[in-house]
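Student: Have a look at this fold, sequence not included:
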């Protein structure tokens, strides 16, 4: 190597060192603002496989995986009490079920005895469809009063809450559940399907939607139909609201067991969580839910009817601060909501 070439190489090396030292005092451009925030695996507690709650959970989990770039594990458990217990013990992070069940868990009613009183937070709610008496078309029954002297699958052995609601619907039809009809017990959807196909019973109290209703329509000769419910607020208040305060008057849209739009009582479902999830995660989940309603509908059509403008009602349990932040940004959280939030939080002290 020539003496001149060695000098040039030395100069280049020194300039590189000087340049590197000069850069040490400069800030590195931030990249976190353009990349998605990562969260730990989200444990999504759910009702048993095939239930309406499970279908909702699967649809939401898919949206959350894509929007939050994180893992979401759906855990199917045998009852809502088991799901709330999972949240209470930190084995689950989020859960979707009937808004009334969140109310029962937060207040510690008998239906949630296995879980005890559970401190939960809401992220958002929406109507999930009607619940009522579904009968075989072969029975010829087209209205509630015609159920007199019939045999119905009402006594669900796994959840008294549903039994109470089925009895309430019968009372709304002017029937005495203990005298005017025969109440049959059941513990699995197969028992109901087989029994109705074989003529042991002509109807069942179900929440419309999900695999149970699809199974009925696919298995029962001549299919089934949801009976209409009185569109009378006084009747609703007298028989149902003390059991399920989320119910409203409305129309159940065509789907399995609902051949045409049918007057009904619409139930609300709530996506909730344990209080301990971070504000950032609660905000991200709430935002992902409301900004991807079209994708939720692809997983379960009824979720496509959910609207952020009505996401806070029914306001039965406190909302997570992360969710409140999102609703304030959207202008749907008002001062009155703050008062209700404080009132509900005070109940658990």
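Tutor: Structure received. Bear in mind the structure is a predicted one, so any value in this text is a computation, not a measurement.

Student: now the helices for the stretch 201-349 of the chain?
Tutor: For the stretch 201-349 of the chain, the helices defined by DSSP state H, counting those that start in this stretch occupy 211-219, 233-239, 279-290, 293-299, 321-329, 335-347.

Student: Packing partners of the first one?
Tutor: Judged by 3 or more C-beta pairs under 8 Å, 6 or more residues apart in numbering; DSSP states H and E, helix 211-219 is in contact with helix 189-197, strand 203-207, strand 224-226. (Each C-beta comes from the backbone N, C-alpha and C, glycine too.)

Student: let's see it at 6 Å
Tutor: Of the remaining helices and strands, those touching helix 211-219 by 3 or more C-beta pairs under 6 Å, 6 or more residues apart in numbering; DSSP states H and E are helix 189-197.

Student: So which of the helices of the stretch 201-349 of the chain is the most surrounded?
Tutor: Neighbour counts (mean count of other C-beta atoms under 10 Å) averaged over each of those peak at helix 279-290, with a mean of 21.

Student: That one to helix 321-329, inter-axis angle?
Tutor: Helix 279-290 runs at 50 degrees relative to helix 321-329, counting by axes from the mean of the first three to the mean of the last three C-alpha atoms, to 10 degrees.

Student: that older thread, how about the helices of the stretch 201-349 of the chain in CSV, adding distance to residue 76 and mean pLDDT?
Tutor: Formatted as CSV, these follow (distance: least, C-beta to C-beta, whole Å; pLDDT from 0 to 100):
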stretch, distance to residue 76, mean pLDDT
helix 211-219, 12, 87
helix 233-239, 32, 96
helix 279-290, 20, 97
helix 293-299, 16, 94
helix 321-329, 25, 98
helix 335-347, 29, 94
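
Student: who wins for proximity to residue 198 among the ones you listed?
Tutor: helix 211-219 (10.9 Å; C-beta to C-beta).

Student: Nearest to the middle of this structure, which residue? Look it up for me.
Tutor: Centroid-nearest residue in the chain: residue 96, 3.0 Å away (criterion: C-alpha atoms, centre = their mean).

Student: you'd agree it is in a strand?
Tutor: Yes - assessed with DSSP: H, G, I helix; E, B strand; the rest coil, residue 96 lies in a strand.

Student: now it, which residues is it bridged with?
Tutor: residue 271 (DSSP bridges).

Student: Select, out of the helices of the stretch 201-349 of the chain, the one closest to residue 107.
Tutor: Smallest distance to residue 107 across the helices of the stretch 201-349 of the chain (C-beta to C-beta): 7.3 Å, for helix 335-347.

Student: In the stretch 1-150 of the chain, what residue spans correspond to strands?
Tutor: 42-46, 72-76, 94-98, 121-136 (DSSP state E, counting those that start in this stretch).

Student: can you list contacts of the last one?
Tutor: Judged by C-beta atoms under 6 Å, 6 or more residues apart in numbering, the contacts made with strand 121-136 from elsewhere in the structure are 99, 141, 169, 196, 202-209, 220, 224, 226-227, 229, 252, 257, 264, 266-273, 275, 285-286, 289, 302, 306, 311, 317-320, 323.

Student: most packed of the strands of the stretch 1-150 of the chain?
Tutor: It is strand 94-98: most buried of the strands of the stretch 1-150 of the chain by mean count of other C-beta under 10 Å, with a mean of 27.

Student: same for that one, what does it pack against?
Tutor: helix 52-68, helix 80-88, strand 262-273.

Student: Now that we have these, can you turn them into JSON lines and tack on distance to residue 132, mean neighbour count and mean pLDDT?
Tutor: Shown next, in JSON lines, are the helices and strands packed on strand 94-98 (distance: least, C-beta to C-beta, whole Å; neighbours: other C-beta atoms under 10 Å; pLDDT from 0 to 100):
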{"stretch": "helix 52-68", "distance to residue 132": "14", "mean neighbour count": "21", "mean pLDDT": "93"}
{"stretch": "helix 80-88", "distance to residue 132": "20", "mean neighbour count": "23", "mean pLDDT": "90"}
{"stretch": "strand 262-273", "distance to residue 132": "6", "mean neighbour count": "24", "mean pLDDT": "95"}
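
Student: Of these, which is nearest residue 185?
Tutor: Nearest to residue 185, of all the helices and strands packed on strand 94-98, is helix 80-88, at 19.2 Å by C-beta to C-beta.

Student: chain center to the closest one, what's the gap?
Tutor: 14 Å (C-alpha atoms, centre = their mean, to the nearest Å).
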